[in-house]
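Visitor: Take a look and give me a structure for this.
(chains A and B)
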2 protein chains.
Amino acid sequence: MEYIRIKELLDQPKTGETVTVKGWVKTRRGSKQVNFIALNDGSTIHNLQIVAETEKFGEEVIKKITTGACLSVTGEVVESKGSGQAIEILGEKIAVLGESDPEKFPLQPKKHSLEFLREKAHLRVRTTTFGAIYRIRHAMIFAVHKFFNDRGFFNVHTPILTSSDAEGAGEMFRVTTLDPKNPPLTEDGKVDWREDFFEKQANLTVSGQLEGELSALALGNIYTFGPTFRAENSNTTRHLAEFWMIEPEMAFHDLKDNAELAEDFLKYLVNYALENCEDDLNFLAKREEDENKNKPANERPALSLLERLKMVRDNDFAFCTYTEAIDILKNSKPNKKKKFNYPVDEWGVDMQSEHEKYLVEKHFKKPVIVTDYPKDIKAFYMRVNDDNKTVAAMDILFPGIGEIVGGSQREERMDVLTSRMKEFNIEEEHMQWYLDTRRFGSCVHSGFGLGFERMMLFVTGMTNIRDVIPFPRTPGNCEF
Amino acid sequence: MEYIRIKELLDQPKTGETVTVKGWVKTRRGSKQVNFIALNDGSTIHNLQIVAETEKFGEEVIKKITTGACLSVTGEVVESKGSGQAIEILGEKIAVLGESDPEKFPLQPKKHSLEFLREKAHLRVRTTTFGAIYRIRHAMIFAVHKFFNDRGFFNVHTPILTSSDAEGAGEMFRVTTLDPKNPPLTEDGKVDWREDFFEKQANLTVSGQLEGELSALALGNIYTFGPTFRAENSNTTRHLAEFWMIEPEMAFHDLKDNAELAEDFLKYLVNYALENCEDDLNFLAKREEDENKNKPANERPALSLLERLKMVRDNDFAFCTYTEAIDILKNSKPNKKKKFNYPVDEWGVDMQSEHEKYLVEKHFKKPVIVTDYPKDIKAFYMRVNDDNKTVAAMDILFPGIGEIVGGSQREERMDVLTSRMKEFNIEEEHMQWYLDTRRFGSCVHSGFGLGFERMMLFVTGMTNIRDVIPFPRTPGNCEF
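Guide: Numbers count the residues shown, from 1 in each chain, chains lettered A, B, ... in the order given. Modelled structure (predicted):
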């Protein structure tokens, strides 16, 4: 395994030394005599230029150096005479480890559409764009763990398979090993779930929050980071059937503490990307700039990708209550001129994307934390405020994304919680384990959820959520 | 949120200052006049002692300070006169945030059996033992990410929902939204999966390896860390239906590089625990010691928990081929005396737990990396050796655990891979995406899988895998 990764070589160029590098050919160009091979090994967005004389290796070998082929190259590191790179390798030995028939390899050295690449999700990771996205995705994953670890939070693996469906966050997938055509039936003709693997009906989790609360009321500060699922038939650029979510839950935190933590967390992630993913971000920023040239002015974002990231990092988020937000919207130009698809006329309505967009992009011009929503449009576990009309909920709205974080202070009072459950028709009987947290040593606590792919959209500037997860699952799509 | 976490206070005792702490009551003892409250907030295994005079707070308040109740306590930090702690708090203000009826709270201040606590998995996190286990679990999660991040590996979220079942690692769970009783049928009377959410049959992943390979052959070095599933009806102390797995995959690594990385990784994790989880490990070591007193001598481990951890950290792992291992076993005393349940008589048999145990605990007396297994007992994707009888596989065997890591160099040669797939009756048609990695720029590559809960068993010394994951899923068990 005596080879050096290209990132390491570019970071500390060992000019004059002989090294071996291994990677995949991006392009080969040049003349009949001299070939310039752009080699990439995934460690960085930058290609390493290999100079290979045809005479030295023979035409047979050179012919095999096509886009997508895998090479091992040994040669001297020299300063590059060409522009665009500081160093290059003078090829002395080249082994073609794996060929790539240019007639068949789907990724040609040209720009492919994102739609085309989605069909080739098993290969798109080799393109410059997706290499950049997945390296950033890793950096964001690591930043999540580092942020919480540094603050004394414990990561809890909440269950993926669950018999609880009380969170009510959305439609669930059923998980079963019963005969799909002729399931066992009970005497009264219903499917007999007692015969299934778990001896009851099991589903894929929509949220780890409830189990996270159990952990927080023992360990203090915890976070989950795992896959969550929605069996919703929505084919949009913002929804996936399988996505990753981060859900911190903190004992002794009220809504204000919760909002402060969420703001710190989002700023930390953005700053981590700016500090650790500069090359990949610069590429994606340039890519977005190029894309925008073809768009009408009103569809272009007001700020560039890097400006948006710095705007989030460097500004205090705005705060407003739901009630204030509704007032702002009611009195807004688009509402008065009937430009909203959903006119804002009364307190109590749920905000639509167009409203969130207006608040963030037109009114506040920075991220907004909206708090204290009407209790009728929020979940049963959110703490009822003293007005008995609103709950201690918070949504964080981001430019270009809309809701990126949803959270709340949790209802810690047993009597209020059980009466809320009644309103939502949630059977207490199935939730005794959850109620035990209120029964024994209850306390003020709060938490929030960040959809990881929503954050990835914001950080990369990509606009379709299928492009920021390696293998997107959507209705009708479960390939690879 | 003006309070200090107990770990922070114990690490840097601010004697003479007044602080507020919040946490749950472990015990209250003392006299009619003075109460000693052991308070724990989950940040550390250590309780903080609160001294509370009955007269100051009134009997009504003191009565509510029972095991499991949640308190906020403000008071001066003073040096403790009692033994067992350096400091204590002289209670000045005490608020009972959440009561805990001692008649009903299931966790009494006494030793509960692990079996009993498994039934109370939603509360067991509040016990000393499980608090320690989950803090260690977090430390191990973070160590996994840190190890790979420091080495330039990228974390890849491979899909949980998959239509591929070629890995063949075990029985799969079906994921569906079809009507469970009357699914739509095709004209020839089969379940019409085209009507299901993904328009084909979907399952829960048993391994992210194949998708990991796609990523490694673009990004170089990657790892997965996610939940995996087995729908196997095995009620043992070593199996779960839902467990977490770490699967690194590295381009340009052969079997030897793979084994070196795995050894470094395991040592890193163990060392991280020793350096970062001292208090929790000491508690679990003491716990194991106490448990062992009740066991017959031949069931006690030869080394203590901390000795076992240091043994792994400080020794080179042994290496032997499968062929050598079979020779050792054939000639071993238990085999000659017919003490093995499965006698070892010929080359080609799969090794059983008793054989692995003998190799690790009796013969080598340290972890062993066994390589080059017969190709007929290993998966289709493992690289066939030149002898055409064995594959470049490796299993790492640990004392007390058995197989903790399984890995291999992958078959990178298209023709060999497809002929192996034929032997295993795997249809090429469904695996074109996987074969594309060999078709376009193939190269030597390797990887391995570490079952995270197996590692947790080793690090904590626990003996039932249901005790090292917060919410264990096994046949008939999907509570909470």
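
Visitor: The residue lying farthest from the centre of chain A sits in which helix or strand?
Guide: Distance to the chain centre peaks in chain A at A:Glu55, reaching 48.5 Å (criterion: CA atoms, centre = their mean). Using DSSP states H and E, A:Glu55 sits in helix A:54-57.

Visitor: could you point out which element follows that helix?
Guide: Taking DSSP H and E, what comes next after helix A:54-57 is helix A:59-64.

Visitor: Check whether the very next helix or strand once past that following helix comes into contact with chain B.
Guide: Using DSSP H and E, the next helix or strand after helix A:59-64 towards the C-terminus is strand A:70-79. Yes. Contact between strand A:70-79 and chain B, assessed by CB under 8 Å from any CB of the partner chain, occurs at A:70, A:72. Heads up, the C-betas are built off the backbone N, CA and C, glycines and all.

Visitor: next one: stretch A:438-452
Guide: Yes. Using CB under 8 Å from any CB, stretch A:438-452 reaches chain B at A:438-444.

Visitor: same deal with stretch A:241-257?
Guide: Yes. For stretch A:241-257, a contact with chain B is found by CB under 8 Å from any CB, at A:241-242, A:244, A:251-254, A:257.

Visitor: Once you drop chain neighbours, what's closest to the residue farthest from the centre of chain A?
Guide: Distance criterion CB to CB, 6 or more residues apart in numbering or on different chains; nearest residue to A:Glu55, sequence neighbours excluded, is A:Gln33 at 7.1 Å.

Visitor: isn't that neighbour right up against A:Lys56?
Guide: No. Shown here, A:Gln33 and A:Lys56 do not form a contact pair, counting by CB atoms under 8 Å, at 10.2 Å.

Visitor: out of the two, which sits in the busier spot?
Guide: Remark: of A:Gln33 and A:Lys56, A:Lys56 carries more neighbours, 14 against 8, as counted by other CB atoms under 10 Å in any protein chain shown.

Visitor: Is there a neighbour count for the closest residue to that one other than its chain neighbours? I'd like the number.
Guide: Leaving aside its chain neighbours, A:Lys56 sits nearest to A:Gly91 (7.3 Å; criterion: CB to CB, 6+ apart). A:Gly91 is flanked by 21 other residues according to other CB under 10 Å.

Visitor: can you pull up the bridge partners for A:Gly91?
Guide: Here A:Gly91 sits in beta bridges with A:Gly75, going by DSSP bridges.

Visitor: from the stretch 251-400 of chain A, which residue is nearest to chain B?
Guide: Nearest to chain B, among the residues of the stretch 251-400 of chain A, is A:Asp257, at 4.4 Å (CB to the nearest CB).

Visitor: Would you check that that residue makes contact with A:Ser446?
Guide: Yes. A:Asp257 lies in contact with A:Ser446 (CB under 8 Å); the separation is 6.6 Å.

Visitor: my read is the residue of the stretch 251-400 of chain A closest to chain B is in a strand, agree?
Guide: No. Counting by DSSP: H, G, I helix; E, B strand; the rest coil, A:Asp257 is not part of a strand but helix.

Visitor: pLDDT score for it?
Guide: On the pLDDT scale, A:Asp257 is placed at 98.

Visitor: can you give me the strands for the stretch 51-200 of chain A?
Guide: A:70-79, A:87-98, A:154-155, A:161-162, A:174-176 (DSSP state E, counting those that start in this stretch).

Visitor: Of these, flag the one that's most buried.
Guide: strand A:154-155 (a mean of 25; mean count of other CB atoms under 10 Å in any protein chain shown).

Visitor: Which elements pack onto that strand?
Guide: Other helices and strands packing on strand A:154-155, by 3 or more CB pairs under 8 Å, 6 or more residues apart in numbering or on different chains; DSSP states H and E, are helix A:128-150, strand A:221-229, helix B:128-150.

Visitor: Which neighbours in the sheet does it have, and how are they oriented?
Guide: Sheet pairing of strand A:154-155 (DSSP bridges) gives strand A:221-229 (parallel).

Visitor: just how off-centre is the strand it pairs with within its chain?
Guide: How far strand A:221-229 lies from its chain's middle: 13 Å, per CA atoms, centre = their mean, to the nearest Å.

Visitor: And for stretch A:50-62?
Guide: On CA atoms, centre = their mean, the centre of stretch A:50-62 falls 43 Å from that of its chain.

Visitor: ditto for stretch A:402-413
Guide: Taking CA atoms, centre = their mean, the mean C-alpha location of stretch A:402-413 is offset from the chain mean by 19 Å.
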